[in-house]
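# Predicted model and sequence follow; I will ask about them next.
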Amino acid sequence: MPIENTPVPVKLGKFQASKMIVKESWAVLKQDKEIMWFPVLSTITTMFALLVMGIVFFIFVLGGNIQTFEVAKNQQISQVIMYGTLFIYYLVTFFIINFFEAGLYIIVQGRFSGQDLGFRDGMNGAANNFNKIFVWSFISATVGLVLRIIADKFKLAGRIVAWLFGAAWNILTYFSLPSLVIGNTSIKDSFKESAAMIRKTWGETIIVNFGVGLFFGLIIFGLTAMAVGVMVIFHTLPIFFISLGLYIVAMIILSIVSTTLSSIFKLALYNYAHTGQVPVGFSSEVVTGAIQPGKV
């Protein structure tokens, strides 16, 4: 949709824009704190799935003997098994991440629309889009496997090519999941819409990926320096384990919050590109400055 009567965007410095994105996304998060359960459950489910896949691989592929892998690793059949296993790994992890992220989008979209949705609404909405999410995850897993094969077969040149194409794929499909779940598009149209939106939101997309990461990176750096300082000054075993435990908990919390805030703002950009209206909770200085005039 065209964005009509777009106000003149206000130019903001990258760091200032990053701080505003974090602040305004945090304000939205405080209204729907339950959305933080989605990245938490995504991480827990992924770890459980990896554990199950590891056990299945060890028992049914290696026959319960790790030496089986060492014997067969240079044989062609082992490559087929390994790439097949890798594809399943990609598919399962992509699906879990996409499923829970879809649930997050649904609740935030409800907030933008003036609704007060709960965790169950998000889960039900994600379940209603199960087929789309699975197909999209299947495509992503296929792309990931192809790039991995290229990297393995062509050594350094292959790794460079795989990295470049992987980065391009991630950028072009940045808005594909919101398009599928919120925009209710087809798989093909979600890719086209995401690619079109990237042309309009390129600058702010980079800010979201790196600016917000930089904002939290500074916090992580400070906490890391503090933890190391405490361990060095009070180098006793109890202090070491207490400091390490608190540090790990802090890193997990920061990762969850950072991921959630990035997803909130991604959806805000997606909404503005379609409606021309700045979503509730966001200032026009940030959002209008992120979108270039034109059509998606």
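Done, it's in. Just so it is clear, the model here is predicted, and its values are computed rather than measured.

# so where do the helices sit in this structure?
Ranges of helices within the chain are 14-31, 37-56, 67-72, 76-112, 119-128, 130-153, 155-172, 176-181, 187-206, 212-233, 237-275, 284-287, based on DSSP state H.

# Mind telling me which of these the model trusts least?
For the helices of the chain, mean pLDDT drops lowest on helix 67-72, to a mean of 58.

# Pick the most deeply packed of the helices of the chain.
helix 176-181 (a mean of 26; mean count of other Cβ atoms under 10 Å). C-beta: built from backbone N, CA, C; applies to glycine.

# Please report the distance of the residue minimising distance to the centre of the chain from I171.
For the chain, T259 is the residue whose C-alpha lies nearest the centre (Cα atoms, centre = their mean; 6.6 Å). Using Cβ to Cβ, to the nearest Å, one obtains 18 Å as the distance from T259 to I171.

# repeat for F87
23 Å.

# now V280
28 Å.

# wait, isn't V230 in contact with L246?
No - look at V230 against L246 with Cβ atoms under 8 Å: they stay out of range, at 9.2 Å.

# Let me see the backbone angles for the residue lying farthest from the centre of the chain.
Distance to the chain centre peaks in the chain at T236, reaching 38.3 Å (criterion: Cα atoms, centre = their mean). Note on T236: its backbone torsions stand at phi -120, psi 160 [degrees, to the nearest 10].

# any idea of the pLDDT on it?
On the pLDDT scale, T236 is placed at 81.

# so what's it up against?
Contacts for T236 (Cβ atoms under 8 Å, 6 or more residues apart in numbering) come out as none.

# Check S186 too.
Taking Cβ under 8 Å, 6+ apart, one finds nothing in contact with S186.

# Could you report the distance from it to N128?
15 Å.

# Likewise for F38?
16 Å.

# Leaving out chain neighbours, which residue sits closest to M197?
F175 (4.8 Å; Cβ to Cβ, 6 or more residues apart in numbering).

# That neighbour: neighbour count?
26 (other Cβ atoms under 10 Å).

# Correct me if wrong: it contacts S194.
Yes - between F175 and S194 there is a contact under Cβ under 8 Å: 4.0 Å.

# List the contacts of stretch 97-106.
35, 38-39, 41-42, 45-46, 117, 119, 121-123, 125-126, 129-130, 133, 136-137, 140, 177-178, 180-182, 260, 263, 267.

# is it true that I96 touches T46?
Yes - using Cβ under 8 Å, I96 is in contact with T46, at 5.1 Å.

# Quick check: neighbours shared by these two?
Shared contacts of I96 and T46 (Cβ under 8 Å, 6+ apart): none.

# Please report the distance of L164 from S176.
L164 is 19 Å from S176, where distance means Cβ to Cβ.

# That should have said L254, apologies.
Taken as Cβ to Cβ, the span from L254 to S176 is 26 Å.

# W37 now?
Applying Cβ to Cβ to W37 and S176 gives a distance of 23 Å.

# Verify the contact between R148 and L86 for me.
Yes - contact criterion Cβ under 8 Å: R148 and L86 qualify, at 6.4 Å.

# For the residue lying closest to A268 once chain neighbours are set aside, give me the pLDDT.
Among residues not flanking A268 along the chain, P279 sits closest, at 4.6 Å (Cβ to Cβ, 6+ apart). Here, the pLDDT recorded for P279 equals 85.

# Enumerate every residue touching P279.
Counting by Cβ under 8 Å, 6+ apart, P279 has contacts F112, L267, A268, N271, Y272, V287.

# burial measure for F60, as a count.
F60: 9 neighbours (other Cβ under 10 Å).

# Check what pLDDT it gets.
76.

# Give me the distance between it and L164.
36 Å.

# got it, and L156?
L156 is 13 Å from L164, by Cβ to Cβ.

# Next: V228.
36 Å.
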